[in-house]
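Novice: Fold the stuff below for me.
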Amino acid sequence: MANRVQQILQQAVAAHRAGRLDEARSLYESVLAVAPANFDALHLAGLLAHQGKRHREAAELLARALRLRPASAVCAMRLGAAKHALHEDAAAETHLRAAIARQPDLVEAWNVLAAVHQGQGRLAESREACERVLALQRDNTAALERLGAIVAATDGMDAAEPWFRRVVAAAPHSVNGWINLGVSLAMTHRAGDALPCFDRALALAPGHSHALTGRAVALERRYELREAIATYEAALAADPAHHEARSARLLALHYSEAVSPAQLAVEHHVFGAQFGAVVPPAPPSSRDVRFQPLRVAVISPDLRTHSVAYFLAPLLEHVDRARLEVLLYHDHPIVDDTSRRLRALAAGWRHTAGLPADAFEACVRADAPDIAIDLAGHTAGNRLPVFARRLAPVQINYLGYPNTTGLAAMDFRLTDDLCDPPGQTDAWHTERLVRFAATAWAWQPPADAPEIAPRPAMPGERPFTFGCFNNFAKVSDATLRGWAGVLAAVPGSRLLLKNHGLADPALRERQRARFATCGVDPARVDFLERTAGVREHLATYAKVDVALDTFPYHGTTTTCEALWMGVPVVTFCGEHHAARVGASLLTAVGHPEWIARDWSEYARMAAALADDTGRLEIISRGLRDEMGASPLLDHAGQAARFGDALIACWSRRRADSTGAASLPVEMDGAAAIAAPA
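Specialist: Residues are numbered from 1 along each chain as shown. Here you go, the predicted model:
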């Protein structure tokens with residue numbers, strides 16, 4: 001009998017190695033039917049089950065095997081891997097550490113332990129485990145890939161690039177290696193170098209959704225918008241649940257004048273529908289907000305030198321800490337001086353970069369916030385799938401995205417009457433709109449901004465110059481046609497554009513051809529690469545006499561910066577938030593006369609500023625003071641209105657969930673909570 005068992009076991013192993021998995025499984029079962037305590041049959045059947053993703057069966061078989069031979073490091077390692085696949089990570093770690101104690105050079109045990117720690121958000125320990133793997137096996141691609149991902153999450157893409165280069169050098173057929181290298185290049189403004197990486201990945205794995213998404217990001221960063229949107233759509237066709245592709249596509253759609261606000265609304269609602277039934281909110285706490293502060297979780301990947309931080313800092317600096325206890329969740333690897341300043345303004349700080357969704361959710365829930373505020377929307381690095389699980393009784397979107405999130409679980413969105421006129425945009429949102437102030441923004445000017453340069457240019461010094469420093473992806477064909485009208489109305493004038501990638505000769509030539517097609521004489525256009533520092537960036541406004549806003553996606557930070565540097569901004573007001581931000585900002589500063597309702601008016605406004613140089617000089621000298629007197633720099637007032645809005649949202653949600661009367665909250669200006677759409 002023993003010989004027969006051994007013979008069948010050898011046949012099973014041969015079938016297993018040859019990839020005849022159903023045959024191997026049947027043979028292992030035959031052995032176990034007559035020899036249920038055969039270690040090898042239990043161990044190898046468990047391995048086969050794990051390879052077939054039957055992880056519960058694998059764990060049971062491997063546990064039986066390990067009881068028979070407790071000293072088997074390989075069996076303990078494989079049981080740990082099965083437990084990890086079942087999300088039983090505490091048990092997985094126990095078995096993996098036992099395996100390592102018995103066999104310290106067991107590479108696979110260190111690799112699985114690194115995966116366990118990464119999944120728990122214990123990135124330093126995961127990194128250490130990867131380094132142990134690489135000390136044992138220098139070109140282990142699994143460890144290299146994981147270490148690259150950890151470095152990207154903790155130190156940034158620049159630091160991760162060498163690790164991903166090691167992956168593709170060691171394993172030229174690694175699809176993930178080429179994708180990760182491409183992403184690291186695209187995210188560090190080397191989109192042209194990134195495209196061949198994604199092409200290599202797609203040659204190895206045609207239709208790979210992550211490779212298509214990365215390629216779309218690179219195309220968007222080369223300002224090839226139509227191609228980028230089409231590639232995002234190809235990624236979604238391959239994997240309809242690909243969150244990064246869907247969010248990135250939604251953001252990109254805002255740049256196109258061919259997509260109506262109603263179409264944008266439908267697209268966002270489709271996104272929200274993929275999460276199925278709404279997670280019911282826990283009722284808000286019964287605390288009396290007059291005596292106990294609400295705990296507010298503010299979640300963003302942009303709590304660093306970033307536009308979002310320029311609008312958040314004034315609110316945090318002046319928030320009433322007796323009413324609101326603000327906790328910041330910084331979800332980006334870079335921690336800089338701006339991050340440290342924001343951290344000092346908060347009651348709590350969590351650095352959550354690289355945390356998997358479950359670990360991130362656990363981190364927020366442990367703080368038990370009353371309100372969770374999303375500052376990202378569909379921008380890169382967002383946590384909307386976790387917001388869909390409902391992190392707090394009240395969830396609010398604000399600041400970082402110019403539209404609805406599409407999530408039914410997002411209760412409110414903070415805005416103003418000009419960005420979202422009552423009755424005009426409410427139906428496009430899944431959130432209730434809260435118009436909490438005359439303008440939804442409080443802006444912090446850079447402390448080291450240069451003084452305003454003399455303006456306009458003196459005759460003979462340089463031509464009259466219009467400029468735009470917005471994200472160049474916002475320069476739509478409609479915008480170019482509008483700018484053609486401006487240049488035609490001001491003979492001899494020039495157009496100065498500045499952003500990432502514009503120093504690339506090939507990119508500039510493509511854009512010059514596009515400009516010509518839209519009626520802009522390329523010979524009248526100058527391109528500048530983005531400058532390294534904020535002060536240098538602001539100093540470049542000395543070359544600009546009048547700034548021209550983009551359409552249908554306005555500038556926000558760039559509009560504030562131009563005005564602060566004494567440069568008037570002409571904007572074209574559209575129907576929805578992204579195309580109305582300029583109107584909100586200019587009205588707040590007291591210059592609604594620069595808000596055009598059509599392109600001919602846009603050209604006339606720009607030409608009028610160019611024609612009256614004496615008036616333009618007076619305007620330029622006074623703009624900084626006008627901003628200082630505006631709601632944009634009324635930081636204490638805006639912070640009070642912001643706090644009132646949060647408490648009103650909490651009170652309304654409490655009333656909705658309990659039937660209790662809402663607490664009365666006085667809010668200045670036109671602030672109001674819209675009825676559900």
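Novice: Please list the outside residues in contact with stretch 40-53.
Specialist: If you take C-beta atoms under 8 Å, 6 or more residues apart in numbering as the criterion, stretch 40-53 is touched by 9, 12-13, 16, 21, 24-25, 28-29, 31-32, 35, 55, 57-62, 64-65, 68, 72, 74-75, 78-79, 81-82, 85. All C-beta atoms are positioned from the backbone trio N, CA, C, and that covers glycine.
Novice: same question, stretch 473-490
Specialist: Where contact means C-beta under 8 Å, 6+ apart, the residues beyond stretch 473-490 that reach it are 220, 223, 225, 252, 255-257, 464, 466, 468, 493, 495, 497, 514-515, 518-521, 524, 548, 550-555, 570, 572, 599-600, 602-604, 606-607, 610-611.
Novice: Make a ChimeraX selection of the buried ones in those residues.
Specialist: Burial among the contacts of stretch 473-490 is assessed by 16 or more other C-beta atoms under 10 Å; the matching ChimeraX selection reads:
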select :220,223,225,252,255,256,464,466,468,493,495,497,515,518,520,524,548,550,551,552,553,554,555,570,572,599,602,603,604,606,607,610
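Novice: So which of the contacts of stretch 473-490 are in helices?
Specialist: The subset of the contacts of stretch 473-490 located in helices under the criterion DSSP state H comprises 220, 225, 252, 514-515, 599-600, 602-604, 606-607, 610-611.
Novice: Need those in JSON lines (columns: pLDDT and distance to residue 348).
Specialist: Formatted as JSON lines, the entries for the ones in helices among the contacts of stretch 473-490 read as follows, by pLDDT from 0 to 100; distance: C-beta to C-beta, whole Å:
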{"residue": "220", "pLDDT": "95", "distance to residue 348": "35"}
{"residue": "225", "pLDDT": "94", "distance to residue 348": "40"}
{"residue": "252", "pLDDT": "97", "distance to residue 348": "34"}
{"residue": "514", "pLDDT": "94", "distance to residue 348": "48"}
{"residue": "515", "pLDDT": "94", "distance to residue 348": "49"}
{"residue": "599", "pLDDT": "97", "distance to residue 348": "49"}
{"residue": "600", "pLDDT": "97", "distance to residue 348": "53"}
{"residue": "602", "pLDDT": "98", "distance to residue 348": "46"}
{"residue": "603", "pLDDT": "98", "distance to residue 348": "51"}
{"residue": "604", "pLDDT": "98", "distance to residue 348": "52"}
{"residue": "606", "pLDDT": "98", "distance to residue 348": "47"}
{"residue": "607", "pLDDT": "97", "distance to residue 348": "52"}
{"residue": "610", "pLDDT": "95", "distance to residue 348": "51"}
{"residue": "611", "pLDDT": "93", "distance to residue 348": "55"}
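Novice: Distance to residue 261 added to those residues, as JSON lines?
Specialist: Listed next are the ones in helices among the contacts of stretch 473-490 as JSON lines, based on distance: C-beta to C-beta, whole Å:
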{"residue": "220", "distance to residue 261": "21"}
{"residue": "225", "distance to residue 261": "18"}
{"residue": "252", "distance to residue 261": "15"}
{"residue": "514", "distance to residue 261": "25"}
{"residue": "515", "distance to residue 261": "27"}
{"residue": "599", "distance to residue 261": "18"}
{"residue": "600", "distance to residue 261": "22"}
{"residue": "602", "distance to residue 261": "19"}
{"residue": "603", "distance to residue 261": "24"}
{"residue": "604", "distance to residue 261": "26"}
{"residue": "606", "distance to residue 261": "25"}
{"residue": "607", "distance to residue 261": "29"}
{"residue": "610", "distance to residue 261": "32"}
{"residue": "611", "distance to residue 261": "34"}
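Novice: State the distance from the closest residue to residue 225 other than its chain neighbours to residue 222.
Specialist: The spatial neighbour of residue 225 that comes closest, neighbours along the chain excluded (C-beta to C-beta, 6 or more residues apart in numbering), is residue 255 at 5.6 Å. For residue 255, the distance to residue 222 under the criterion C-beta to C-beta, to the nearest Å works out to 13 Å.
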